[in-house]
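**Student:** need coordinates for the following:
(chains A and B)
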Number of protein chains: 2
Amino acid sequence: MIEVDLSNVWGQITLPKLLAMEKEVFDAHMALSEGTEENGDYLGWMKLPVREATEEMQRICKAAQKIRTDSEVCVVVGIGGSCVGSRAAIELLQGPNRNIGKGKGDPQIFFAGNSLSTRHWNELMGLLEGKDFSVIVISKSGTTTECAIAFRGLRWMLERKYGTDEANARIYAVTDPCQGALRQMAEAARWETFMIPRNVGGRFSVLTAVGLLPMAVAGIDILEVMNGAMDAKESYDLRSYENPVWLYAAVRNLLYRSGKGIEIFESFEPGFRVMGSWWQQLFAQSEGKNGKGIFPATAELTADLHAIGQLVQQGERNLFETMVRFAPPEAQHVIGSDWNDLDGLNYLEGKTLDFVEEQAFQGALTAHVDGQVPVITMDCGALNARTVGELFYFLELACSISAYILGVNPFDQPGVKFYKQNMFALLGKPGYENSGR
Amino acid sequence: MIEVDLSNVWGQITLPKLLAMEKEVFDAHMALSEGTEENGDYLGWMKLPVREATEEMQRICKAAQKIRTDSEVCVVVGIGGSCVGSRAAIELLQGPNRNIGKGKGDPQIFFAGNSLSTRHWNELMGLLEGKDFSVIVISKSGTTTECAIAFRGLRWMLERKYGTDEANARIYAVTDPCQGALRQMAEAARWETFMIPRNVGGRFSVLTAVGLLPMAVAGIDILEVMNGAMDAKESYDLRSYENPVWLYAAVRNLLYRSGKGIEIFESFEPGFRVMGSWWQQLFAQSEGKNGKGIFPATAELTADLHAIGQLVQQGERNLFETMVRFAPPEAQHVIGSDWNDLDGLNYLEGKTLDFVEEQAFQGALTAHVDGQVPVITMDCGALNARTVGELFYFLELACSISAYILGVNPFDQPGVKFYKQNMFALLGKPGYENSGR
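**Tutor:** Numbering: from 1, shown residues only, chains lettered A, B, ... in the order given. Next comes the predicted model:
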């Protein structure tokens, strides 16, 4: 169970204030578990975790196995919620350099359709040169501009390389169960398809095929991910402050009310970066509305102690930190002795790197608290697929409860349409000629 | 010349306010060009750009050539200012996946000593397995904990693999010209050394061997980088608002005074991410002090329009954006036609991906301005080594001027010591037993 430690937030907020908020947290949780008229169609994510592989999950594993066998590269086409969850899990579990040296049997995984950069596209073309590859396309509609452009290009590359039939056997579509352009294309061409349930929003979709298929291609045990999520679903249903989800959701709102408008979500693992982006998207899109919302920022320690540490310690006092920690890995690095000790490190002889990290953590914690920066710590235990599943569900639940406490609807994103309308008008998209400004 | 466009910041600030600030900007620039008692020892970065290769740069190129010839991997050991600049240039010019498929002749480059994560260390060990490698160690003192631990480990790996003499020929030290642990070690073992001038602070050191040696190993033309920086040094010495550096420095301070406490520095290039981190470190460490300073955040478009776009459009109105743009690359991707047009993209037939990006840029710009988010745009021209050099110098100058306008010393970082003192006390470092809290 993920432990949320509040020892280092007091001083900014008080226990009576936290207790006074209990009813708000209870009501927020209730609005989720009971459902309301407004959110009823968006609560599908709460029912996704399972203990045993569903038929869909079995098909995901089979498709992933085929891709692992016949492809040196798997290109995942998706943007926002359709790519960042799987990418987060893969980088956290397999490291930022997992693609190096990979190939058939354990393919490289690249993400496309998440940018309009020509340089990014050209780089992908270089990476695919001469390689056997498959494409997973993830989109509810199939008409998201970035994805549709990338997918059109990749589809034709597959057809030129393999001919129509084999190309169609190398395309996997994750999309709406019944309607939309991508569903229609998939049925016409008989691509294997997986489902994004109607009642699951993009940023809450990581535990559907959206997240699970790319994870499975990377070799991650998706049943373990789902079991971790199920652990979370069961554990974090508790209606009291013994529930760490409640603590996190409540305290971040209290800190926000006390003037802390920026949350830095951080970890000591370089592989955590994209998980930070997943968290950032989840909270920014769910809470940033009606002129409200904490600004979600991310950092990587200890590197960022040398990069934004000065500002954290002594800049504007408008921020707090959430430190996510994992248990150390089994293989430890022990610091050895050196006869002349010019670097002055012999005092650490026989100590592990992890021990040093722990002291850096404690040292930064105390320093930042002294600097009036409250720090929430989140201890996640061993870093494995199960923990990743647990963390996804934990944060989805915490985000939804937190948004209700904030007084906003976590499941809409009314502001996203404005730039799209302008863009479509400028692009001359049929039907949008007069919609821009 | 980098163009700073302010068309989309008006409404939040006014021209009279900008003009009223001119004297402050002038004084700030003067404090740099004349030097003061306080900053005199830290202005070395202003004199780094050159038109012709110095003797040091020639040695850098020669060392880089040796590494490129005899190594499949080059490990750069450094943290903060000692790694993020070269990494930024390499990713921006060569893409986030530049290491894939690289080896002898054009080595992979990994960064170490910028983390205390055991998983990160173990990943590096896997990446070095069976590979010929060299190590560049970058540290003024040689005793920074993260770097010293990583370097000790790597040095012994080299010695075990190659024997002492060959190991010493594969180590390159970038350090203080005369003193410090690393200088001492380098002279004892006869490693080739390069200099971090005394009067150049870490976050301003990218145009010394700190940044140039790893760039040269990556195959970047460092004379072009320096020429770009020299272009900047000459162009941006102008003492008026015709100087785009002045515009950027002034406007961000005006926005800050009007309640915009968060700046999102962003680009449409996925390869720009680490350049964003370099900018973040430069501004956070230089400005985040005395309870003041804009919070520097970064984003990648268009991906982040789907991730934090909602918050930017409708969340707290406490932010502004700085969009960095580059001219399109020569190789364009043209969107083709599709007979059944199920994805509805045929209206873009014959258009380039870059054209679509341009409309997304304009669409987002208008939408965000409508949402009361001011947007500064920074047009940098062609994306090449020269531009990168220009951008480094541009931002260093802008940051220094901006910090003086803010009323803080850009060249110190008095808050960074606190976590270190705590950590050293916890680690039992000799001399620090009683320094922690």
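**Student:** what's the closest non-adjacent residue to residue A:223?
**Tutor:** Nearest residue to residue A:223, sequence neighbours excluded (C-beta to C-beta, 6 or more residues apart in numbering or on different chains): residue A:53, at 5.4 Å. For every residue, glycine as well, the C-beta is placed using N, CA and C.
**Student:** now the one you found. Its backbone dihedrals?
**Tutor:** The phi and psi values for residue A:53, taken as degrees, to the nearest 10, are phi -60, psi 130.
**Student:** pull the number of nearby residues for it.
**Tutor:** Other residues near residue A:53 come to 14 when the count uses other C-beta atoms under 10 Å in any protein chain shown.
**Student:** so for it, what's the pLDDT?
**Tutor:** Turning to residue A:53, the model gives it a pLDDT of 97.
**Student:** what of residue A:133?
**Tutor:** As predicted, residue A:133 sits at a pLDDT of 98.
**Student:** residues touching it, list them.
**Tutor:** Residue A:133 makes contact with A:71-75, A:107, A:158, A:170 under the criterion C-beta atoms under 8 Å, 6 or more residues apart in numbering or on different chains.
**Student:** ok, back up a step: quick check: the residue nearest to residue A:223 touching residue A:221?
**Tutor:** No: with contact defined as C-beta atoms under 8 Å, residue A:53 does not count as touching residue A:221 (10.5 Å).
**Student:** now the common contact residues for those two.
**Tutor:** In contact with both residue A:53 and residue A:221: no residue, using C-beta under 8 Å, 6+ apart.
**Student:** please identify the helix or strand for the residue nearest the centre of chain A.
**Tutor:** Chain A has residue A:278 as the residue nearest its centroid, 2.7 Å off, counting by C-alpha atoms, centre = their mean. When elements are defined using DSSP states H and E, residue A:278 is found to belong to helix A:273-287.
**Student:** and that helix, how far out from the chain's middle?
**Tutor:** Mean C-alpha position of helix A:273-287 versus that of the full chain (C-alpha atoms, centre = their mean, to the nearest Å) differs by 6 Å.
**Student:** report the buried residues of the longest helix belonging to chain A.
**Tutor:** If you go by DSSP state H, chain A has its longest helix at helix A:145-169. By neighbour count, with 16 or more other C-beta atoms under 10 Å in any protein chain shown as the criterion, the buried positions of helix A:145-169 are A:145-155, A:157-159, A:167-169.
**Student:** likewise for stretch A:382-397?
**Tutor:** Going by neighbour count (16+ other C-beta under 10 Å), the buried part of stretch A:382-397 is A:383-397.
**Student:** near chain B at all, it?
**Tutor:** Yes: Stretch A:382-397 lies in contact with chain B when judged by C-beta under 8 Å from any C-beta of the partner chain; the contacting residues are residue A:383.
**Student:** gap between that stretch and the chain center?
**Tutor:** On the basis of C-alpha atoms, centre = their mean, the separation between the geometric centre of stretch A:382-397 and that of its chain is 10 Å.
**Student:** then stretch A:26-34?
**Tutor:** 24 Å.
**Student:** same deal with stretch A:143-157?
**Tutor:** If you compare the mean C-alpha spot of stretch A:143-157 with that of the full chain, they lie 23 Å apart, counting by C-alpha atoms, centre = their mean.
**Student:** try stretch A:203-215
**Tutor:** Offset of stretch A:203-215 from its chain centre (C-alpha atoms, centre = their mean): 10 Å.
**Student:** dump that stretch to PDB, restricted to CA.
**Tutor:** Backbone C-alpha positions of stretch A:203-215 (Å, rounded to 0.1, in the frame of the first residue of the first chain) are rendered in PDB as follows:
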ATOM      1  CA  ARG A 203      -6.400  10.700 -19.500                       C
ATOM      2  CA  PHE A 204      -8.000   7.900 -17.400                       C
ATOM      3  CA  SER A 205      -7.500   5.200 -20.100                       C
ATOM      4  CA  VAL A 206      -4.100   3.800 -19.200                       C
ATOM      5  CA  LEU A 207      -5.600   0.600 -17.800                       C
ATOM      6  CA  THR A 208      -7.400  -0.200 -21.100                       C
ATOM      7  CA  ALA A 209      -5.800  -1.400 -24.200                       C
ATOM      8  CA  VAL A 210      -4.600   2.200 -24.700                       C
ATOM      9  CA  GLY A 211      -1.900   1.600 -22.100                       C
ATOM     10  CA  LEU A 212      -1.800  -2.200 -21.800                       C
ATOM     11  CA  LEU A 213      -1.100  -3.100 -25.400                       C
ATOM     12  CA  PRO A 214       2.100  -1.000 -25.700                       C
ATOM     13  CA  MET A 215       3.200  -2.200 -22.300                       C
END
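**Student:** I'd like the mean pLDDT over that stretch, please.
**Tutor:** Taken as a whole, stretch A:203-215 carries a mean pLDDT of 98.
**Student:** now do stretch A:6-20
**Tutor:** 93.
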